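Compute the structure for the input listed below.
(chains A, B, C, D and E, ligands or ions: 4)
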Amino acid sequence: MISIENISKWYSDFRVLTDCTTSVKKGEVVVVCGPSGSGKSTLIKCVNGLEPVQEGRITVDGDEVTAKHANLTALRSRIGMVFQHFELYPHMSVLENLCLAQEKVLGRSRSEAVARAEKLLARVGMADHVKKYPSQLSGGQQQRIAIARSLAMDPIAMLFDEPTSALDPEMIKEVLDVMVELAQEGMTMMVVTHEMGFARKVADRVIFMDEGAIIEDRPTTEFFDNPVSERAKDFLSKILNH
Amino acid sequence: MISIENISKWYSDFRVLTDCTTSVKKGEVVVVCGPSGSGKSTLIKCVNGLEPVQEGRITVDGDEVTAKHANLTALRSRIGMVFQHFELYPHMSVLENLCLAQEKVLGRSRSEAVARAEKLLARVGMADHVKKYPSQLSGGQQQRIAIARSLAMDPIAMLFDEPTSALDPEMIKEVLDVMVELAQEGMTMMVVTHEMGFARKVADRVIFMDEGAIIEDRPTTEFFDNPVSERAKDFLSKILNH
Amino acid sequence: MADFDFNVIWSSLPFLWQGLQLSLWLTFLSIIGGIVLGTLLALARLSGILPLSLIAATYVNLIRSVPLILVIFWFFFLVPLAIGRPIGSFYSALIAFVLFEAAYYSEIMRAGIQSVKQGQVHAGQSTGLNYWQIQRYVVLPQAFRNMIPILVTQGIILFQDTSLVFVVSLRDFMTASSIVARTEGRLVEMYLFAAVVYFVICFSGSMLVRSLKSRMST
Amino acid sequence: HGGTLAKIASSGEIVIGHRESSVPFAYLDENQQPVGYSIDLCMKIVDAVAEELDQELTVRYVPVNPKTRIALMANGTIDLECGSTTNNLTRQQQVEYLPVTFVTGTKILTRKDSGINSVADLDGKVVAVAQGTTNERALLAAVEAAGLDVKILPVRDIAEGMLSLETDRVDAYTSDHILLHGAVTKSKSPEDFVVVGDFLSFDPYALMVRRDDSAFELVGKKALAEVFRSGEINAIYAQWFDPLGVPADPLLLAAFQLGALPE
Amino acid sequence: MEYNWNWSILFEEQYLNWLISGFGWTVSVALSAWCIAIVIGALVGVGKTVPNKVIRGICATYVEIFRNVPLLVQMFIWYFAVPEMLPDDWGRWMKRDMPNPEFVTAVVALGLYTASRIAEQVRAGIETVPPGLTAAATAHGLSVGQTYRYVLLPISFRMIVPPLTSEFLTVFKNSSLALTIGLLELTAQSQQIAEYTFQGFEAFTAATVIYVCIALVATVLMQLLEKYTRIPGYVGKEG
Ligand SMILES: Nc1ncnc2c1ncn2[C@@H]1O[C@H](COP(=O)(O)OP(=O)(O)OP(=O)(O)O)[C@@H](O)[C@H]1O
Ligand SMILES: Nc1ncnc2c1ncn2[C@@H]1O[C@H](COP(=O)(O)OP(=O)(O)OP(=O)(O)O)[C@@H](O)[C@H]1O
Ligand SMILES: [Mg+2]
Ligand SMILES: [Mg+2]
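Ligands and ions are numbered 1, 2, ... in the order given. Okay, here's the model as predicted:
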């Protein structure tokens, strides 16, 4: 489904990604972790072309993202993305947030879009908040709506960039629950997160990054029970033992 | 050492603290937890008079904080406080950060202040960074310096307000380690935190707050093994099970 | 101390009111024109098309380093000469104000557009919206909303600036007050009165800004 | 193409530039409407233009001051200037004039008790003068010739000059004799002021029109000639100058006669 | 357009002297006013943030009054109205005996007006310092005065260097209003040249170029100051 081949990326002189190669199969859930600044967000943004890469090749469902004249808007509309800070449109109600791209990109009619939106809002437990504005909701609620907004585009895969790290501790669970459900329904997912409980529970593979490179890329249980690299061991000891 | 008796506090019409009573004995470590907005930060700020209270009485080491003409500056200099966002002075080097209050409040000479600062920086593992500016350091390093800065005033007690919640996951441990050490050396501490591992390890008591009131105030093991209130159970289930 | 005669204000009210109308009208039209032209300049500057953004930047920086009085002189005396036909003193002043204020409004709009977080653009992109849709539905509405208080503040400054048409004798409120002050020899009364009127209008404006700000921050 | 007449015909409007405090030539009455000797003469020209074009005209007034009048005429903002403008050759590089309608010259206005009687007494004093006037140049020339130390306060127009004198900001104000006379008459305490000294310049006034537009100029000349010839000028003159107690100067009467060209 | 270009008039001695003297007045008015404005503006700006209600009220009133009345009106009030409102001999002193009345009046009016704008910048600068820093200083036992002296002011003054740059340029531009009370500064001189020579384009272009040069020099100077005072890596609240 997603294949990443030897990509490298620079911000002017600074190399953020170094020769990364991996792939995500249909229905697979892959967790990406690693220290701050290791390039996790950058990697995931490259997958739907939000950031250009200088070297290497990324394909999604057969279409090359990194091709010179790739139709990125069409491609992006087929991949959902959820951000750390939710990025709901603050000037639109919850419903409008969900309908905008459905109408403007997929060309759905208002009623179709609303129907789809309502269904998804119910699914993330937010059916009662259709008319509210993002600022009237808690972080956990906003993030669930952001997930629904992505799902409304009927994506073939979902990307998550630290979806819970901006949340108060008691709200993390409500968001993770939605994600777990999604994974169990067979959605292809690539998730940057430090929630190791989530990773253990639903991830098929864990990718560990450091300084722009993919250091480990292994099945979940193998990774946790027996990390190979020193860096990964050290990282796990820090985030698991407190 | 710290005694809080029936305090209530309002922000104009809005009641943030409702009749809170508790106390912290010398050498005791108390963890305060509870949902966002429950008044944890407010409570802790009242202890060293950063926020005035409208009703009730707080004494620290026999001196009444809530008295009308309390000498707050003197009182505050004897209680250390560590904040969520470190609050290092950005325009001063690490050393100057540690020396300012020593010189201006305690009236120490430059050389005395520097000697004390260097000793404490070594203790939190930051001896090599004396000349740097806060923005040149990672969050974990900044927080350790903030702790050293408080310790430089030779406080009789320390207050912590979510000292690790603004940190990247891998940096949490380095800060908690310093705090654990401090607790084991017998420092009187009042800590607002969601790090339940830390609480289990070093806290003598846990206070659970909700909507401005203290709902539970019990020895650590009792609290974790057998929380009485529904709220606390719910809260614990959310933050422990993911 | 001279004896004051506040009757002079009362008897010249209709004349002063005419002046005030001109001031307000000039302000209103200049704000509209300034915002439209300013937004275009801001978009040009952020367009990433080098010649376009260079021209816009040069224009904005040039205008912003020259006093308004000099700009008024330019337009009042020289533009009719340059375009070869008179356009009337009101329109000369209006054009001067629009072109002058557009430079300031463009800086405000540029800051407004840049104040919309990159994440919002990414969110739009990742649902497949194209560049113009993102500007139209995501960025500009937020930029305008964020900038409303500053736009109004600039409007107040613009209103104060209109008093400078005094230098070319266009009959705004300031000029009208001056005429009365000088012909009647009632300087103290008239200038204090003018100050009070300007103050009341501008202060109300800044209260509006304040309430807009507090409404927006909740 | 594009002559003043054509412009007026197409817009149906004639734009008159007027002064606001040149008593009695052009100033604002109690309703802040421009009135005065020059305005009356201008209205004669407006009538003539309307007749020439055979259409109704609306008159739009644009206030001007000594600093703006020439530029506004040259750039086409105003069609006809009605004030107290001296006709001189320097200005004729920019604008054109109709026949002379008044003759005066620069003098000094001061308080009766100031002890100033001539230019020579201005040494060490502060003197106001309107920027952009012939008076400014005349005063500067006289002061320089006599080697005096005079502090000049530039003012905007007659009202501001008079104001400076009344509020004691300056010791004297220089302007055209007749204008000083008019300003004193309008002031709150005319008896306090006195006009002194010799004429520092010769200032024949005339209405100003655009340069190189002989068609419009001709209409103006014809209208004035008619006023002069018919003797209507005497009534107009009397209306504005009798209250000031200023009889027509023989030189001016001669100018009227010279201007009264036959058809 | 029929227009006889003649740039050489700008270099005729008389007109060149006018331009130079106009430039001199513009710079003197602007710099003198700037000194007044910085001192008063800083005091009033700090005053708007202190805990004391009375001081805050006085400073807020100052700012509202001076900011909400056009500079031109203020200039006229200082020049025309104030001397008439004072006792006779004070008024006379202001009009006559005070050295260079137009200059002094322009400086005072411009200085006090600009002070109100600087005060707002200073206040905003102090408010961009995260409240947590004040809380930290207080928690260490620093007094209010010490908190201002060692924490708030050093940080905020560095934060407001960029907005002060534009204020510094504004003071030069606003000094042109002095022409309305008879001070022959740069704009007035250029207009006078236009009037004497009928070469408006050349005269106004000369003034425009000089103003642009002033702006360039001022910007460069302030950028140096900014570079020199910048806190390593610190970008304030949002960063
Ligand atoms: N626009 C940019 N320009 C320059 N450098 C950048 C830019 N964006 C990111 N970087 C740098 O690239 C590196 C990788 O950034 P990235 O955001 O991918 O890290 P991350 O692993 O997601 O970290 P975190 O856990 O903090 O989100 C970092 O060192 C960062 O400073
Ligand atoms: N200055 C203030 N004015 C008005 N209300 C305030 C103010 N500060 C805090 N509050 C309100 O008081 C309540 C308690 O705030 P407090 O910061 O003590 O909560 P908390 O338990 O520390 O929450 P968190 O975990 O989010 O830090 C909240 O509802 C908050 O909105
Ligand atoms: Mg990231
Ligand atoms: Mg808190």
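
What residues of the longest helix anywhere in chain E count as buried?
Identified as the longest helix of chain E according to DSSP state H is helix E:13-47. Buried residues in helix E:13-47, counted by 16 or more other Cβ atoms under 10 Å in any protein chain shown: E:15, E:18-19, E:22-23, E:25-30, E:32-34, E:36-38, E:40-47. (Glycine included, C-beta is placed from N, CA and C.)

do stretch A:82-89 as well
A:Val82, A:Phe83, A:Gln84, A:His85, A:Phe86, A:Glu87, A:Leu88, A:Tyr89.

which residues sit in contact with the second one?
A:Phe83 is in contact with A:Ala146, A:Asp161, A:Pro163, C:Gly119, C:His122, C:Ala123, counting by Cβ atoms under 8 Å, 6 or more residues apart in numbering or on different chains.

Among those residues, which ones are in strands?
Secondary structure from DSSP state E places A:Asp161 of the contacts of A:Phe83 in strands.

which stretches of chain E have low pLDDT?
E:1-2, E:232-239 (pLDDT under 70).

Around chain D, which positions in it sit nearby?
Residues of chain E lying near chain D by Cβ under 8 Å from any Cβ of the partner chain: E:80, E:83-84, E:92, E:95-96, E:101-102, E:180, E:182, E:184, E:188, E:191-192, E:194-195, E:198, E:200.

Keep those, but drop any that are not near ligand 2.
Among the residues of chain E next to chain D, no residue sits close to ligand 2 (Cβ under 6 Å from any ligand atom).

on that earlier part again, so which of the buried residues of helix E:13-47 reach chain B?
Answer for these near chain B: none qualify (Cβ under 8 Å from any Cβ).

Could you give the secondary structure assignment for the spatially most central residue of chain D?
Per Cα atoms, centre = their mean, the C-alpha nearest to the average position across chain D is that of D:Ser84, at 0.3 Å. At D:Ser84 the chain is in coil, as set by DSSP: H, G, I helix; E, B strand; the rest coil.

What are the contacting residues of the helix or strand of chain C with the lowest mean pLDDT?
Between all helices and strands in chain C, the lowest mean by mean pLDDT, DSSP states H and E belongs to helix C:79-83, at a mean of 80. Contact partners of helix C:79-83, identified using Cβ under 8 Å, 6+ apart, comprise C:Pro86, C:Ile87, C:Ser92, C:Ile95, D:Ala74, D:Asn75, D:Gly76, D:Thr77, E:Met1, E:Tyr3, E:Gly200.

same thing with stretch A:8-18?
With Cβ under 8 Å, 6+ apart, stretch A:8-18 has contacts from A:7, A:19-20, A:39, A:42-43, A:46, A:51-56, A:211-213.

Check stretch E:10-17 too.
Here stretch E:10-17 has contacts from E:Ile9, E:Leu19, E:Ile193, E:Tyr196, E:Thr197, E:Glu202, E:Ala203, E:Ala206, using Cβ under 8 Å, 6+ apart.

Provide a list of residues in contact with the second one.
When contacts are counted by Cβ under 8 Å, 6+ apart, E:Leu19 is found next to E:Leu10, E:Leu186, E:Gln189, E:Ser190, E:Ile193, E:Ala206, E:Ala207, E:Ile210.

Out of those, give me the one that has the most neighbours.
Comparing the contacts of E:Leu19 by number of neighbours (other Cβ atoms under 10 Å in any protein chain shown), E:Leu186 comes first, having 31 neighbours.

what about stretch D:41-58 and chain C, touching?
No - using Cβ under 8 Å from any Cβ, stretch D:41-58 never reaches chain C; the gap is at least 13.2 Å.

can you tell me which residue is nearest the centre of chain E?
The structure's chain E has its C-alpha centroid closest to E:Val171; by Cα atoms, centre = their mean the separation is 3.4 Å.

Please, which helix or strand holds that one?
Here E:Val171 sits within helix E:161-174, counting by DSSP states H and E.

who in chain C is up against chain A?
C:117, C:119-120, C:122-130, C:133, C:137-138, C:141-142, C:145.

what pairs with the most centrally placed residue in chain A across the strands?
Geometric centre of chain A, nearest residue: A:Phe160, 1.6 Å, by Cα atoms, centre = their mean. With DSSP bridges as the criterion, A:Phe160 is bridged to A:Val82, A:Val191.

repeat for D:Val129
Going by DSSP bridges, D:Val129 forms beta bridges with D:Pro154, D:Thr174.

so who does it touch?
Applying Cβ under 8 Å, 6+ apart, the residues near D:Val129 are D:Asn135, D:Glu136, D:Leu139, D:Ile152, D:Leu153, D:Pro154, D:Val155, D:Gly161, D:Tyr173, D:Thr174, D:Ser175.

Who wins on neighbours among those?
Counting by other Cβ under 10 Å, top hit in these: D:Ser175 with 33 neighbours.

filter the residues of chain E next to chain D to the buried ones?
E:80, E:83-84, E:92, E:95, E:101-102, E:180, E:182, E:184, E:188, E:191-192, E:194-195, E:198, E:200.

quick one: which helix or strand includes the spatially closest residue to A:Ala152 that is not a sequence neighbour?
Residue nearest to A:Ala152 in three dimensions, not counting chain neighbours: A:Leu98, with 5.0 Å by Cβ to Cβ, 6 or more residues apart in numbering or on different chains. For A:Leu98, the host element (DSSP H and E) is helix A:94-104.

still on that earlier bit, could you identify the pair within the contacts of stretch A:8-18 that is furthest apart?
A:Pro52 and A:Glu211 (20.5 Å; Cβ to Cβ).

coming back round to it: sort out for me which of the contacts of A:Phe83 are in helices.
Using DSSP H, the contacts of A:Phe83 in helices are A:Ala146, C:Gly119, C:His122, C:Ala123.

Buried members of the residues you listed into ChimeraX, please.
Written as a ChimeraX command, the selection of buried residues from the ones in helices among the contacts of A:Phe83, which uses 16+ other Cβ under 10 Å, is:
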select /A:146 /C:122,123
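
now, the most widely separated pair of the ones in helices among the contacts of A:Phe83?
A:Ala146 and C:His122 (11.9 Å).

Where do the strands of chain A begin and end?
Under DSSP E, chain A gives strands at A:2-11, A:14-24, A:29-33, A:55-60, A:63-64, A:79-82, A:157-161, A:188-192, A:205-210, A:213-219.

Low-confidence ranges, chain A, go.
A:241-242.

ok, 50 please
Nowhere does chain A drop to pLDDT under 50.

any idea whether the nearest residue to C:Asp172 once chain neighbours are set aside is helix, strand or coil?
In space, not counting the residues next to it along the chain, C:Asp172 is nearest to C:Ser23; the distance is 4.4 Å by Cβ to Cβ, 6+ apart. What three-state DSSP gives for C:Ser23 is helix.

Could you check how many residues crowd around C:Ser23?
26.

One more: D:Ile178?
26.

gap between it and A:Ser111?
84 Å (Cβ to Cβ, to the nearest Å).

cool, and C:Gln133?
21 Å.

quick one, strands of chain D?
D:13-18, D:21-22, D:26-28, D:34-35, D:58-63, D:80-82, D:95-104, D:106-111, D:126-130, D:151-155, D:172-176, D:193-196, D:203-210.

and the last one, is it in reach of chain E?
Translated: strand D:203-210. No - figure legend: strand D:203-210 not in contact with chain E (Cβ under 8 Å from any Cβ); closest approach 12.1 Å.

and that strand, average pLDDT?
Average pLDDT, strand D:203-210: 94.

ok so, going back, relative to helix E:161-174, how tilted is the helix or strand that the least confident helix or strand of chain C is followed by?
For helix C:79-83, the following helix or strand on the C-terminal side (DSSP H and E) is helix C:89-115. Taking axes from the mean of the first three to the mean of the last three Cα atoms, to 10 degrees, one finds helix C:89-115 and helix E:161-174 inclined to each other by 170 degrees.
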